[in-house]
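Peer 1: Got a predicted model here, sequence first, then my questions.
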Amino acid sequence: MSNIGYERTAHLYDLFGLKPNVDFYYHYARESGEAVDVGSGTGLVAIPLAERGIKVFCVEPCASMRKVFLQRVRANPYLKKNLNLLARDAASFDFGRCFDFCFLSFMFDHFLSVDERIDSLSNISRHLNPGGRLVFDVYFGYMKDEALNLSGEVEAGDLVYKRYIGGKVRGKVKEYTIVFETWEKGELRETIQQTSAAGITDWGEVHDALRKTGFVVTREFRDYEFTPYREGGELLVIEAYKKGDK
Ligand SMILES: C[S@@+](CC[C@H](N)C(=O)[O-])C[C@H]1O[C@@H](n2cnc3c(N)ncnc32)[C@H](O)[C@@H]1O
């Protein structure tokens, strides 16, 4: 994988990336006390789970995201014992054993084609015990053209960080441009531009891919508070289990 979309900006990811879903994934992970986190990024979900005593097996293909992740855990032996980080992608990771729970947080849209979704879900299925659960989110709301617009602004001491996001849909892929600006006392100090891509998919394709890879969908939500999904909703959070005898 050459360009995933975080290579130049991983060090800024946490400024804009706080996640509303840690309690949600903890709800599932606490049953077995462990979880596989595919596309763990800088650990925004994995690290809080590890702090709560969950053993998290993380998969992250982007070296600069892994670097930030490791910086965050380096100083804390308690965290280190609960975290395992593999430099692989969803289709190729191998922990050599099965688990009861796997999740993907803000990651599914990185699968750019039906084949990539099937290969990745097949490999995830291989890592689950029969009855084991897979939970992930898909944000359909982004799957349209967007002019480059300010999408976040964060103050940290003397610095102000601004993030602009725009993108164009080309067939079944959306090509993104993301620009980060660093301002100090009203002056622009740095601009970093990053390109990225997201797969365009829909509810039917997601269900199809799950069925083909041996999953049965149990519940669908429209947020991380377990509110049932309504057709046409922009956020789909899906809970499925792996078929087979326990
Ligand atoms: C939006 S970030 C989400 C990070 C983290 N899960 C979170 O919620 O903050 C998506 C992450 O998925 C990773 N990723 C992209 N393609 C992937 C793939 N095929 N398999 C596994 N991870 C992938 C990216 O490198 C990035 O770290």
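Peer 2: Noted; the coordinates are in hand. Residues are numbered from 1 along each chain as shown.
Peer 1: got a list of contacts for the host helix or strand of Lys168?
Peer 2: Lys168 belongs to strand 159-170 when assigned by DSSP states H and E. Here strand 159-170 makes contact (CB atoms under 8 Å, 6 or more residues apart in numbering) with 12, 15-16, 142-155, 174-184, 189, 198, 200. Backbone N, C-alpha and C define where each C-beta goes, glycine included.
Peer 1: Of those residues, which belong to strands?
Peer 2: Taking DSSP state E as the definition of strands, the contacts of strand 159-170 contribute 146-155, 174-184, 189, 198.
Peer 1: Going by neighbour count, which of those are buried?
Peer 2: Buried subset of these (neighbour count, 16 or more other CB atoms under 10 Å): Lys174, Tyr176, Ile178, Val179, Phe180, Glu181, Thr182, Trp183, Ala198.
Peer 1: so which of those comes closest to the ligand?
Peer 2: Closest approach between these and the ligand, by CB to the nearest ligand atom: Ala198, at 9.5 Å.
Peer 1: how much space between the closest residue to that closest one other than its chain neighbours and Val138?
Peer 2: Leaving aside its chain neighbours, Ala198 sits nearest to Asp109 (4.1 Å; criterion: CB to CB, 6 or more residues apart in numbering). The gap separating Asp109 from Val138 is 6 Å, by CB to CB, to the nearest Å.
Peer 1: just Glu146 next, same as before
Peer 2: 17 Å.
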